[in-house]
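In: Next input, structure requested:
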Amino acid sequence: MYFQSEIYSCDVVSEENVRKAVKLFCSVLSSTDIDETTKHSLLILQDYFIKCLPFEGSGVWKSAKVYFLKDNRFILQSGPGIHPMRVLFNIKGEASIEKMTHPGPTDSHRSTQAHPPVSRQRSKSARVVRPAAQSTSGDKQKHFEFPCEEINQRSVGKAILRFCGNEGTVDNSNKATLRRLLQALISYVPLEPQTRWKDAEVKIYDDDCDVYRIYSGNGQNRFVGTFDGMGNARIVRAKYDKSECCVM
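Out: Reported below is the predicted structural model:
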């Protein structure tokens, strides 16, 4: 299947521009199960990538070309983009960053990927979007938080009431997605040691890319709600240690 590339162009790769780029990428996806999975994958990679930004010098981020996921459909570029890299999930299903050589006729990435990186010259199939000078408040990602002493089935149930309303409430697609992920968290909680949930953080994204954060203690044990390739809601652990953020 062929996709048009979405390129977000900016002066420097920063947290703000990463969030703007991913919001653009999510906005072009449809509401099919496959695209919903892609959207949640992008949001997980967004958070991971932002955590990794401090581990590269400013010179890199002023001239970077960042490919999200394996198909090179989503690209964030600053300046001439002479530092290409890919943000994706490795074979273990963990978020990672891989440095790339410049795409060229003999580049190994071209021969191994289903959709090769676009060249530095603008492709006819690519749609380039440059950020406006100012963004309205309506374009900003919203954050909702639910603090608790311990993340358990009871506290998650209270979070569902706060974020989604009572069971039986008519949900729009946005609330329905959020409710499914929170219910998956209720099922997942017993699978981890109880002590882990006393210092934990769970982030969940809705269809509008807004963030819902449930946390306890110092939040050092991080989890993310997402969908697998079959459209099933699931909870995955997220690692943001410095060793995990090193660019390979």
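In: quick one, strands of the protein?
Out: 6-10, 64-68, 74-78, 83-89, 95-99, 127-129, 143-147, 200-205, 211-215, 221-227, 233-238 (DSSP state E).
In: remind me which residues of the chain are low pLDDT?
Out: Flagging of the chain using pLDDT under 70 yields the residue ranges 1-4, 31-34, 101-141, 168-171, 228-230, 239-248.
In: ok, for the residue nearest the centre of the chain, nearest residue in space, not its chain neighbours?
Out: Centroid check for the chain by C-alpha atoms, centre = their mean gives residue 43 as the closest residue, at 1.8 Å. Among residues not flanking residue 43 along the chain, residue 205 sits closest, at 4.4 Å (C-beta to C-beta, 6 or more residues apart in numbering). Quick note: C-beta positions are derived from backbone N, CA and C, even for glycine.
In: what's the neighbour count on the nearest residue to residue 70 once chain neighbours are set aside?
Out: Leaving aside its chain neighbours, residue 70 sits nearest to residue 88 (5.4 Å; criterion: C-beta to C-beta, 6+ apart). A count of nearby residues for residue 88, using other C-beta atoms under 10 Å, gives 18.
In: what does residue 220 give?
Out: 10.
In: swap in residue 184?
Out: Per other C-beta under 10 Å, the neighbour tally for residue 184 reads 19.
In: Kindly report the same for residue 36.
Out: Using other C-beta under 10 Å, residue 36 has 19 other residues around it.
In: where do the helices sit along this protein?
Out: Using DSSP state H, the helices of the chain run over 15-27, 33-52, 58-61, 108-112, 153-164, 173-188, 242-245.
In: Hmm, residue 212 and the residue nearest to residue 43 touching each other?
Out: Yes: counting by C-beta atoms under 8 Å, residue 205 touches residue 212, with 7.5 Å between them.
In: and residue 39, how far is that from residue 153?
Out: To residue 153, residue 39 is 27 Å away according to C-beta to C-beta, to the nearest Å.
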